[in-house]
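A.B. asks: Next input, structure requested:
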Amino acid sequence: MTLSKPSKTYAAICDYFRRPASFLHPITTVEHYWALRATIAETRLHAQEIHRQEVAAIHSSHAESRSRDLAEMNSRYERELSRIKYMVLGMLAALTVLISAVMFILVRYVPTTPAPSSRGAVHFTIPILSPFASVIEHETSAVNVPLVVVLLLSAGISLFIWLRCCGPRS
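C.D. replies: Numbering: from 1, shown residues only. Alright, predicted model coming up:
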């Protein structure tokens, strides 16, 4: 189908685009109003897009900083955990040496069977009328001087290791 004569709408569209560019500028107050609203909307949209980009940049920098801080904290705690592991191993070694020393002292110095008493059971009386009479009791103690020395030395070494490894942080 061919068009014999151009329609009125087609002619109006062609005339609209053939006019000079000054015709496209708003002339009436209503056109000015809508043109101003469109300009404001475009400006706000552009500002919002810039704001979103800035927020995204700040968020990514904070996330990077946080991950870096977490990695640093993790490495610091790993170092501290390894120090505590070595301290615990040292304490276990000291405890093993201490138990071995106590066992040696018990085996070496404490008799396995009680010595037979020459008088039988230990029985003593305190004479009330004689203030100058003395009572002699022959008993041995399980806690003697070498055991006390070993316990004090092990406590001192343990305290030194504890304060050296887990003391106040600077």
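A.B. asks: and W162, how many neighbours does it have?
C.D. replies: 13 (other C-beta atoms under 10 Å). Where C-beta positions appear, they are placed from N, C-alpha and C, glycine not excepted.
A.B. asks: which residues sit in contact with it?
C.D. replies: 87, 91 (C-beta atoms under 8 Å, 6 or more residues apart in numbering).
A.B. asks: Got phi/psi on it?
C.D. replies: In terms of degrees, to the nearest 10, the main-chain angles of W162 are phi -60, psi -50.
A.B. asks: Which stretches in this protein count as helices?
C.D. replies: 8-18, 29-109, 145-166 (DSSP state H).
A.B. asks: Deepest in the core, which of the ones you listed is it.
C.D. replies: helix 145-166 (a mean of 13; mean count of other C-beta atoms under 10 Å).
A.B. asks: tilt between that one and helix 29-109?
C.D. replies: Going by axes from the mean of the first three to the mean of the last three C-alpha atoms, to 10 degrees, helix 145-166 is angled at 160 degrees with respect to helix 29-109.
A.B. asks: taking the mean pLDDT, what do you get for helix 145-166?
C.D. replies: Per-region confidence: helix 145-166 scores 84 on mean pLDDT.
A.B. asks: any idea how far the closest residue to N144 other than its chain neighbours lies from V150?
C.D. replies: In this structure, N144 finds its nearest non-sequential neighbour in Y109, 7.2 Å apart by C-beta to C-beta, 6 or more residues apart in numbering. Going from Y109 to V150 by C-beta to C-beta, to the nearest Å gives 12 Å.
A.B. asks: Same check on I40?
C.D. replies: Distance from I40 to V150, by C-beta to C-beta: 89 Å.
A.B. asks: Quick check: closest non-adjacent residue to A35.
C.D. replies: P26 (4.5 Å).
A.B. asks: who's in contact with C165?
C.D. replies: C165 neighbours (C-beta under 8 Å, 6+ apart): 83-84, 86-87, 90.
A.B. asks: switch to 7 Å and redo it
C.D. replies: 83, 87 (C-beta atoms under 7 Å, 6 or more residues apart in numbering).
A.B. asks: Against E49, how distant is T43?
C.D. replies: Using C-beta to C-beta, one gets 11 Å for the distance from T43 to E49.
A.B. asks: wait, I meant I105
C.D. replies: 83 Å.
A.B. asks: picking that back up, isn't the residue nearest to A35 right up against Y33?
C.D. replies: No. Under the criterion of C-beta atoms under 7 Å, P26 makes no contact with Y33, lying 8.5 Å away.
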